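Visitor: here is a sequence together with a model predicted from it:
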Amino acid sequence: MSRHKTVILVGDGMGDYPLEELSGRTPLQAAYTPNMDAIARRGRLGLVRTIPRGMEPGSDVANLSIMGYDPKKYHTGRAPLEAASMDIELASDEVAFRCNLITLDFREEAVYMEDYSAGHIESASARPLIEALDQDLGNGERTFYPGVSYRHLMVWRGGPENAPSFPPHDLLGQDVSTLLTDERMPALNGLIRRSWKIIESTPRRGDSVKANSIWLWGSGKAPKMPCLHDRFGIKGGVISAVDLLKGIGVYAGMESIEVPGATGYLDTNYEGKAQYTLDRLKDLDLVYLHVEAPDEAAHSGSIENKIRAIEDFDRRVVGPVIEGLRQFGHYRVLLITDHNTPISVRTHTSEPVPFAILDSSDPPEEDAERSFDEIAAARTGEVVEAAHELMGRVVRP
């Protein structure tokens, strides 16, 4: 049993590149982040590689790494992890697919990816569309499961295991006509095309008018992972609005801590996430607290919203958590971003990201020159090549 409490604070996609609009600073440098900077000044600061060389820079790979699992050994795909969070047990012959509700722009000779989230459709508006798709496209072999906002799931018994995967958030503004006729994925493209008429003919409610297609990607079968308790002798929990993170937690044997009002966007319940973290730490040894908002803002290309999301994370999550941890005596905090999501490219990239580890038992010495950002982290000269090694460092006595 761990002799201290551990919190892992993940600001999804916070890392970025210097931007001309910010006078050569990154959003992390431009944002006002006194709480994260305090961790960097007092703790151990550096860069860590969350995406193993040669792997795609997805949140599934990055968060597996941070949770202490080598993705090269345990990663089978994104959708199986999301299935676990929805209490869907995959049989050995079933393949799970992520199913986004999206907005396509149909032009005379091309089809463009207009919005990977259908305007961040609300869950209540999305459910009737997914239910209609299941009724028309589910044939005993395929089942569509409603999830949160635009993020849903399809499970296909005997489906294609190694289908090419094209994350829709990587395709914003691009012509996807060639992908919709890709000879490597005719079955998936057929389902996408058939979804157009079904969605169009389904009675709409609320904000569902922007949804006009599905997009299938991130397929895989169920992974086999040892649980966190067997590895380290600790009990852990996960707080996130994203099914992917909850699913990793399920396979890791961690409690899924549900926070009312957690949306995965700028309007998420930051204070609730902080308070639930502190409440559950009375019984648990570790809480993995994930906030999606900076990543979503970066995918949309909004510098203003990304800075706002970073500042909200700092003020409304990091600050209260650090203050509340004092009640437990000895604690450790790992502050990290899972991957960079640069505004200039609006998708994930694979270079090392900043991290900081604070141990409350260390002498309260501070390096006044440090701040939590990409440049300050690089300046320390410390680069951890495998992020899955960090978990052992923060949880072991």
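Guide: The structure has been received and is ready for your questions. Being a predicted model, the structure only gives us computed values, none of them experimental.

Visitor: do you know how far Gly54 is from Ala124?
Guide: Shown here: Gly54 relative to Ala124, a distance of 41 Å by CB to CB, to the nearest Å. (Glycine included, C-beta is placed from N, CA and C.)

Visitor: okay, the two: which has more neighbours?
Guide: Neighbour comparison, Gly54 and Ala124: the larger count goes to Ala124, with 12 against 7 (by other CB atoms under 10 Å).

Visitor: so the more buried one sits right up against Arg204, yeah?
Guide: No - using CB atoms under 8 Å, Ala124 makes no contact with Arg204, being 11.9 Å away.

Visitor: please enumerate the strands of this structure.
Guide: For the chain, the strands defined by DSSP state E cover 5-11, 44-48, 94-106, 111-115, 142-148, 151-157, 213-220, 236-239, 255-256, 286-291, 331-336, 353-359, 383-384.

Visitor: which strands and helices sit next to the longest one?
Guide: This points to strand 94-106. Contact here means 3 or more CB pairs under 8 Å, 6 or more residues apart in numbering; DSSP states H and E; on that basis strand 94-106 packs against helix 79-85, strand 111-115, helix 123-137, strand 151-157, strand 213-220.

Visitor: can you say which of the ones you listed is packed in most?
Guide: Ranked by mean neighbour count, the helices and strands packed on strand 94-106 are led by helix 79-85 with a mean of 27 (mean count of other CB atoms under 10 Å).

Visitor: now Glu271. Nearest residue, chain neighbours left out?
Guide: Leaving aside its sequence neighbours, Glu271 sits nearest to Arg316 (CB to CB, 6 or more residues apart in numbering; 5.7 Å).

Visitor: so where is this structure shaky, pLDDT-wise?
Guide: 1-2 (pLDDT under 70).

Visitor: which one in it is furthest away from the centre?
Guide: Farthest-out residue of the chain from its mean C-alpha position, per CA atoms, centre = their mean: Glu108, at 35.2 Å.

Visitor: could you check how far that residue is from Asn269?
Guide: 44 Å.

Visitor: and for Gly392, the neighbour number?
Guide: When neighbours are defined as other CB under 10 Å, Gly392 has 11 of them.

Visitor: got the contact list for the residue nearest to it when sequence neighbours are not counted?
Guide: Closest residue in space to Gly392, ignoring its immediate chain neighbours: Gly68 at 6.7 Å, by CB to CB, 6+ apart. By CB atoms under 8 Å, 6 or more residues apart in numbering, the residues touching Gly68 are 228, 231-232, 252, 388, 390-392.

Visitor: give the ChimeraX command for selecting the buried subset of these.
Guide: If you want just the buried ones from those in ChimeraX, going by 16 or more other CB atoms under 10 Å, the selection is:
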select :228,231,232,252,388,390,391
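
Visitor: among the contacts of Gly68, which two are most distant?
Guide: Spanning the widest gap among the contacts of Gly68 are Ala252 and Leu390, at 14.6 Å by CB to CB.

Visitor: returning to what we had before: output the strands of the chain in TSV; the columns should cover distance to Ala262.
Guide: Below are the strands of the chain laid out as TSV (distance: least, CB to CB, whole Å):
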stretch	distance to Ala262
strand 5-11	14
strand 44-48	26
strand 94-106	19
strand 111-115	22
strand 142-148	9
strand 151-157	13
strand 213-220	21
strand 236-239	7
strand 255-256	11
strand 286-291	9
strand 331-336	19
strand 353-359	23
strand 383-384	29
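
Visitor: quick one, what contacts the residue nearest to Glu271?
Guide: Arg316 makes contact with 270-271, 274 under the criterion CB under 8 Å, 6+ apart.

Visitor: of those residues, closest to Arg157?
Guide: Distances from Arg157 to these, taken as CB to CB, are shortest for Tyr270 (39.9 Å).

Visitor: now the nearest residue to that closest one once chain neighbours are set aside: how far from Ala309?
Guide: Nearest residue to Tyr270, sequence neighbours excluded (CB to CB, 6+ apart): Arg316, at 3.6 Å. To Ala309, Arg316 is 10 Å away according to CB to CB.

Visitor: who are the contact partners of the closest residue to Arg53 other than its chain neighbours?
Guide: Distance criterion CB to CB, 6+ apart; nearest residue to Arg53, sequence neighbours excluded, is Ser350 at 8.0 Å. Neighbouring residues of Ser350 by CB under 8 Å, 6+ apart: 51, 53, 55-57, 339.

Visitor: list only those of those residues flagged as buried.
Guide: Listed as buried from these are 51, 55-57, 339; burial here means 16+ other CB under 10 Å.

Visitor: dump the residue contacts of the residue nearest the centre of the chain.
Guide: The centroid of the chain falls nearest to Ser59 when counting by CA atoms, centre = their mean (4.7 Å). Residues in contact with Ser59 (CB under 8 Å, 6+ apart) are 12, 78, 242, 244-245, 295, 338-339, 348.

Visitor: can you do 6 Å?
Guide: When the contact criterion is CB atoms under 6 Å, 6 or more residues apart in numbering, the partners of Ser59 are 244, 338.

Visitor: before we move on, back to that, of all the strands of the chain, which lies closest to Pro186?
Guide: Ranking the strands of the chain by distance to Pro186, with CB to CB as the measure, places strand 213-220 first at 12.3 Å.
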